[in-house]
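1. Sequence first, then the predicted structure, then my questions.
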Amino acid sequence: MSLIFDPYRLDDSLAEEAAAETALLKRVGGEKYLDELGAELARLIGRKRCVFTDSGRTAVAAGLAALGAGRGQTVALNNLTHPSLLEAVLKSGAKPLPVEAGPRTLNPGLGNFKKLAKNADMLLLAHMFAACGDVRAIKTLCLERGIKMLEDASQALGLEASGSPLGSFGDISVFSLSPYKPVSHMSIKAGALLFDDDRYSAVLSRSLPSGRGSLEAAAPMLRLKLRNISRILLDLKESNARFRLRLGKMPWLRLPGIGSAAQELPLLVKHGAAPALAAFLERSRIKLERQYFPFHSAMGLADGSFPVSARYRAQALHLPVYCRMTTSEIDYVCNAINGFFRTRRP
C-alpha cells in the first residue's frame, strides 16, 4: 500500500471549487466573505454571533477571558481532553478542577460534574470523540448554580444532542477549524467563538488581535466544507461503522461508546498489550493518533478518584478516522490488529 491515512483527500477533491470560491472572495472582498461565512456557521449552530480567530487555542483563551476566568476563579473541565484546554485555564490564572470521564463515552456525565459543581465558578466542557454527556442537564445545573459554561464543540461540529446543535449550549462556544478537523484548511489554522449575548462582542474585540490575516486564505475551503458537513459526517460514520464491525468482537479490545462520526477511534487494549500493539502498528506503517494524557496525572492527583481515566491512560490507543478513508485502508488496519492478536492468547 503506497499511502496510508491521508486525511486531506477531501481537500484535493474540492480544489477546483475552492478556486472558484477564492475568486468570489476577491470580488466581494475578504471582510464581507468572512462575515457571510460566520453567519453560515452561526446559523448551523443556532447562534446569533460568530467571531473568527487564528486557532482553536486562541478561541478557548478568548472565551475564558470573556467569561471572567482569572485568579480566584475555579474552572472545571474534562479530565480527558486536548492539553491546550488545561494550558488555557492555567494561563488565565484560574485553578483547574478536572472532572472524571464517564466509562461509556469518555465524556463527563452529569453525576461527575454535580459532585464538583459547588467548587466551580466556570465549566469548560469539551465534547470528545463526537459524543457528549447529558449536556442539557449539565447546562441546567450551571444555570441553577450561576456557573458560566464555555462549550468546546470542536470534535462535534454539525452534531446534535437533545434536539439541539452541539455548540449551542454554552454561554460561549468555541470551535477549532484547524487542519484535520471536518471543517478546516489543510495548512492554515483557524478557530471560532459563537454566542448570543452581544456584550461578548465588545469584550472579544478588545481581547483578540486585530486583522484576520491568513483567515481569508482559509475561508473558501472552510465554506465549502461547512456546506458539505452532512456528507462529511456520513462518510465518517461509515468508516467508524466498518472499524467497529471488524474490531468489536476481538476479545483483547474494548471499544468505548463514543460518537458514530468520531475522527479518532480509541481502543482500550486489555492485558497490558497496548505498548506492544502500538509498536507493532508503527512497524506496519500505521500512524496512531495522539492519546490524551489525563489532567489529574499532570496535576499530581491520585488515580483513585479517576478510575476511568487511569484505565484509559494504561490501555488506550487511538486509530485515525478521516473523510474519504478507503475500505482497503480500514481492512489493512484491522487485519494488522487481528494478526497481532493471533500470536497471543487472552
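-> Perfect, thanks for sending it.
2. now the helices for the protein?
-> Assigned by DSSP state H, the chain shows helices spanning 9-13, 15-28, 30-45, 56-66, 83-92, 110-116, 135-145, 199-207, 215-227, 229-247, 274-283, 295-298, 307-315, 327-342.
3. Give me the angle between the third one and helix 15-28.
-> In terms of direction (axes from the mean of the first three to the mean of the last three CA atoms, to 10 degrees), helix 30-45 departs from helix 15-28 by 120 degrees.
4. residues making contact with helix 30-45?
-> Counting by CB atoms under 8 Å, 6 or more residues apart in numbering, the neighbours of helix 30-45 from elsewhere in the structure are 24-25, 48-52, 153, 158, 165, 167-168, 173, 175, 192, 194, 212, 215-216, 219, 222-223, 226-227, 229. The way it works is simple: take the backbone N, C-alpha and C, and place the C-beta from them, glycine included.
5. Alpha carbons only: can I get it in PDB?
-> In PDB, the C-alpha atoms belonging to helix 30-45 read as follows (Å, rounded to 0.1, in the frame of the first residue of the first chain):
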ATOM      1  CA  GLY A  30     -12.400  39.400   2.300                       C
ATOM      2  CA  GLU A  31     -14.300  41.100   5.100                       C
ATOM      3  CA  LYS A  32     -17.700  40.600   3.600                       C
ATOM      4  CA  TYR A  33     -16.900  37.000   2.600                       C
ATOM      5  CA  LEU A  34     -15.800  36.200   6.200                       C
ATOM      6  CA  ASP A  35     -18.900  37.900   7.600                       C
ATOM      7  CA  GLU A  36     -21.000  35.700   5.400                       C
ATOM      8  CA  LEU A  37     -19.100  32.600   6.400                       C
ATOM      9  CA  GLY A  38     -19.500  33.500  10.100                       C
ATOM     10  CA  ALA A  39     -23.300  33.900   9.500                       C
ATOM     11  CA  GLU A  40     -23.500  30.500   7.900                       C
ATOM     12  CA  LEU A  41     -21.600  28.800  10.800                       C
ATOM     13  CA  ALA A  42     -23.800  30.700  13.400                       C
ATOM     14  CA  ARG A  43     -27.000  29.500  11.600                       C
ATOM     15  CA  LEU A  44     -25.800  25.900  11.600                       C
ATOM     16  CA  ILE A  45     -25.100  26.000  15.400                       C
END
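6. Tell me the buried residues in the worst-scoring helix or strand of the chain on mean pLDDT?
-> Sorting the helices and strands of the chain by mean pLDDT, DSSP states H and E puts helix 199-207 at the bottom, at a mean of 85. Taking 16 or more other CB atoms under 10 Å as the neighbour-count basis, helix 199-207 is seen to contain the buried residues 200, 203, 204.
7. quick one: pLDDT of residue 3?
-> We note a pLDDT of 51 for residue 3 in this prediction.
8. that older thread, which secondary structure elements does the least confident helix or strand of the chain contact?
-> In this structure, helix 199-207 makes packing contacts with strand 49-53, helix 56-66, judged by 3 or more CB pairs under 8 Å, 6 or more residues apart in numbering; DSSP states H and E.
9. which of the contacts of helix 30-45 are buried?
-> Buried members of the contacts of helix 30-45, counted by 16+ other CB under 10 Å: 25, 49-52, 153, 158, 165, 167-168, 173, 175, 192, 194, 212, 215-216, 219, 222-223, 226, 229.
10. looking at the helices and strands packed on helix 199-207, which is closest to residue 86?
-> helix 56-66 (10.2 Å; CB to CB).
11. and the helices and strands packed on helix 199-207, which is most packed in?
-> Scoring those by mean neighbour count under mean count of other CB atoms under 10 Å gives helix 56-66 as the most buried, with a mean of 25.
12. so how far is it from its chain's centroid?
-> Centre-to-centre, helix 56-66 and its host chain are 15 Å apart (CA atoms, centre = their mean, to the nearest Å).
13. which residues pair with the closest residue to residue 295 other than its chain neighbours across the strands?
-> Spatial nearest neighbour of residue 295, excluding adjacent residues (CB to CB, 6 or more residues apart in numbering): residue 98 at 4.3 Å. Going by DSSP bridges, residue 98 is paired in beta bridges with residue 77.
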